[in-house]
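# let's see this in three dimensions:
(chains A and B)
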Amino acid sequence: MKINKHLIWLAILVWFPFFTNAQLHCGLVEFVPNTSESNMLTFDTPAKYQGGITINGAARLKINVKDQTVPDPLCSWNLTLLINNNPGAGTPNNEWEVLTSYGNGLGNNPLIKTLQIRVRNACATSPSDGVFQTFTTTSDIIDIIAALLPITPAGSCTTNVNSPGNYINNYDEFHFDIDIRVVPKFAFNPGIFQLNLRFHLEENP
Amino acid sequence: MKKISYLVVAFLIFGATSLRAQLIDEKDVTITMDLQPVLQLDMTTPDQIEFVFDNINEYFAGITHYGATILKVSSTVSWDLYAVGRSSGSNGAGFWDQQIAYGSGTNTNAIANLPISLLELRQSQPNAGASAAALASYADYSASFTAAGTPSGQNSLYVNGGSNTPPSLADKYIGGHAGTTGTGDFLPGGSYLTQTGTTSNYYYSMDYRILPGLPAIFPNAYSADGLTAQDIVTANAAGNYAEPGVYTMFVQYVLLEDQ
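Okay, here's the model as predicted:
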């Protein structure tokens, strides 16, 4: 009987934190599709160096967030953007990763802040919709739809829509076009450089 | 007793099935940037620049073509720019090609080998990248043409035996200096498209002069460093002069990366 008491307390201790921390409100949170994409920016004329290269629609995010079978009024989501430059290779946290160098060049590798990113959709659901933004270091995070905001229902076509919904029924709110632009000018070493953008979709706790 | 045990097992199973974090999905977009080195020299110039000496004044005072060539630079890397005189070498390396000789061609004092360095250049903008060229007496072609009767090698064209190899530390460049051998003597990447104005280091207007003198010995022909005279008399013998005729050569402008 004494052993069983211990078992009861052990079970409560194990069970209780899991139950309280792992409270799920949504049934599904996903990008459709979530395959990786790649874009190549080739600068081979002075005009491109000076004027830059812009790729509109470098990526398209289509979001599908479903409620649980028994709808939970607290189901909502956030979308953030992170950047990675393969720091394991010794890349400084404010520079592009160097894949290869062409000679010695001007001495400076391109900075992360030369990459400009713009998010947009028809309803301008992101507060930063239509504005090119930059990262200064790899520790920066850009909020597209910030976390822990009050729930704004799908179909309202306003900022911060974060309720369950999907790109099929509410395309203008659950779809984001990602544009990128780089204007290197004449300041950096020639070579091939790389960055990885990671879009992070998560339900709000 | 059994009931309590079942309850414990049920708690454990329920706790385990609740072991989940918030739902997450992620999508990656890789961006690769290829910054190719660009060295672009835009040149506006006639196909041929003619110097016709057919009266005494032109022999005395020479002929100057102002702004005959416009050079415009765009570069994504550090660079040097130089001019080098060349010919096909029919009269020997470093000499003008004689196309036609006027007269009988039997006068032993008439010399057909005219040094390419007799051509003088003047650039509109001083070489801002020549500050480290301490060894060069004349680091560029920015000095004004000297008056007739005052021989000088300060504007004589760089020649290196008919090749287009870069000038040395002691020789003239239009922009930057010493090719890849010097340090800190380059002009940085940039473009005439944005670096505008009369003081731009990416825009040069080039003047050309030939001063034969009388007799026609070309007193401003000098070696690559501008210190050793190469006029007809010095290079040959007293009493010699340039053989009348038609001669050709060409100026090659070379833009190179200075690493």
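
# C-alpha only now, for contacts and for neighbours.
Will do.

# identify the bridge partners of A:Cys133.
Not Cys; residue A:133 is Gln. For A:Gln133, the beta-bridge partners are A:Ile117 (DSSP bridges).

# quick one: contacts for B:Ala229?
For B:Ala229, the contact set (CA atoms under 8 Å, 6 or more residues apart in numbering or on different chains) comprises B:153, B:219-223, B:235.

# brain fart, A:Asn34
B:25-28.

# filter those residues by proximity to chain A?
Of the residues in the contacts of A:Asn34, proximity to chain A by CA under 8 Å from any CA of the partner chain holds for B:25-28.

# looking at those residues, spot the one nearest A:Asn94.
Comparing the ones next to chain A among the contacts of A:Asn34 against A:Asn94 with CA to CA places B:Asp28 closest, at 19.2 Å.

# wait, that closest one sits on A:Arg198?
Yes - at 4.6 Å, B:Asp28 counts as touching A:Arg198 under the criterion of CA atoms under 8 Å.

# okay, now the closest residue to A:Glu203 other than its chain neighbours: neighbour count?
Nearest residue to A:Glu203, sequence neighbours excluded (CA to CA, 6 or more residues apart in numbering or on different chains): A:Trp77, at 4.0 Å. By other CA atoms under 10 Å in any protein chain shown, 28 other residues sit near A:Trp77.

# pLDDT wise, what is B:Gly184 at?
Here, the pLDDT recorded for B:Gly184 equals 67.

# so what's A:Ser111 up against?
Slight slip there: residue A:111 is Leu, not Ser. When contacts are counted by CA under 8 Å, 6+ apart, A:Leu111 touches A:94-96, A:136.

# ok, the helix or strand where A:Phe176 lies: who's next to it in the sheet?
Secondary structure from DSSP states H and E places A:Phe176 in strand A:175-182. Looking at strand A:175-182 with DSSP bridges, its partner strands are strand A:53-67 (antiparallel), strand A:115-120 (antiparallel).

# so among the contacts of A:Asn34, which ones count as buried?
Members of the contacts of A:Asn34 that pass the buried threshold by neighbour count (16 or more other CA atoms under 10 Å in any protein chain shown) are listed as B:25-28.

# now, the residues you listed that are in helices?
Assignment to helices by DSSP state H places none of those there.

# A:Leu197 belongs to a strand?
Yes - residue state for A:Leu197 (DSSP: H, G, I helix; E, B strand; the rest coil) corresponds to a strand.

# what's opposite it in the beta bridge?
A:Ile83, B:Val29.

# ok, back up a step: Serialize the contacts of A:Asn34 to CSV and add fields for pLDDT.
Output for the contacts of A:Asn34, formatted as CSV (pLDDT from 0 to 100):
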residue, pLDDT
B:Asp25, 94
B:Glu26, 95
B:Lys27, 95
B:Asp28, 95
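
# before we move on, the earlier item: make CSV out of the strands paired with strand A:175-182 and add mean pLDDT and mean neighbour count.
Converted to CSV, those look like this (pLDDT from 0 to 100; neighbours: other CA atoms under 10 Å in any protein chain shown):
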stretch, mean pLDDT, mean neighbour count
strand A:53-67, 96, 19
strand A:115-120, 97, 22
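
# so for B:Val159, which of these sits nearest?
Among these, if distance is taken as CA to CA, the winner is strand A:53-67, at 41.9 Å.

# and that closest one, how far from the chain's centre?
How far strand A:53-67 lies from its chain's middle: 10 Å, per CA atoms, centre = their mean, to the nearest Å.

# quick one: contacts of it?
With CA under 8 Å, 6+ apart, strand A:53-67 has contacts from A:25-33, A:37, A:39, A:41, A:43, A:75, A:77, A:163-167, A:174-183, B:29.

# same thing with stretch B:55-62?
Residues contacting stretch B:55-62 (CA under 8 Å, 6+ apart): B:53, B:148, B:209-214, B:216.

# one more time with 6 Å
Identification of contacts with stretch B:55-62 by CA atoms under 6 Å, 6 or more residues apart in numbering or on different chains yields B:148, B:210-213.

# now do the helices in chain A.
Per DSSP H, chain A carries helices over the ranges A:2-21, A:46-51.

# first-to-last residue distance for stretch B:37-54?
48 Å (CA to CA, to the nearest Å).

# determine how far it lies from the middle of the whole chain.
Stretch B:37-54 sits 13 Å away from the centroid of its parent chain (CA atoms, centre = their mean).

# quick one: is it near chain A?
Yes - against chain A, stretch B:37-54 shows contacts by CA under 6 Å from any CA of the partner chain at B:Pro37.

# residues in a beta bridge with B:Ala242, which ones?
Taking DSSP bridges as the rule, B:Ala242 bridges to B:Ile111.

# you'd agree it is up against B:Ala110?
Yes - when contacts are counted by CA atoms under 6 Å, B:Ala242 is listed as touching B:Ala110 (5.5 Å).

# ok, those two, which is more surrounded?
Set B:Ala242 next to B:Ala110 and count neighbours by other CA under 10 Å: B:Ala242 wins out with 19 against 16.

# burial count for the closest residue to A:Arg118 other than its chain neighbours?
Leaving aside its sequence neighbours, A:Arg118 sits nearest to A:Phe132 (CA to CA, 6+ apart; 4.4 Å). Using other CA under 10 Å, A:Phe132 has 15 neighbouring residues.

# same thing with A:Glu95?
A:Glu95 is flanked by 22 other residues according to other CA under 10 Å.

# if I pick it, what's in contact with it?
A:110-112.

# what about 10 Å?
Counting by CA atoms under 10 Å, 6 or more residues apart in numbering or on different chains, A:Glu95 makes contact with A:85, A:87, A:108-114, A:136-138, A:193-195.

# and B:Thr146, by the same measure?
With contact set as CA under 10 Å, 6+ apart, B:Thr146 has these partners: B:152-155, B:220.

# from those, pick the one nearest B:Tyr138.
Using CA to CA, B:Gln154 is the member of those that sits closest to B:Tyr138, with 5.8 Å.

# where in the stretch 101-250 of chain B is pLDDT low?
B:105, B:131-134, B:179-184 (pLDDT under 70).

# where along it do the strands fall?
Here the stretch 101-250 of chain B has its strands, by DSSP state E, counting those that start in this stretch, at B:110-111, B:120-123, B:190-191, B:203-210, B:241-242, B:245-248, B:250-257.

# tell me the bridge partners for B:Leu255.
Where B:Leu255 sits in a bridge, its partners, by DSSP bridges, are B:Leu81.

# that one reaches B:Met43, doesn't it?
No - contact criterion CA atoms under 10 Å: B:Leu255 and B:Met43 do not qualify, at 11.4 Å.
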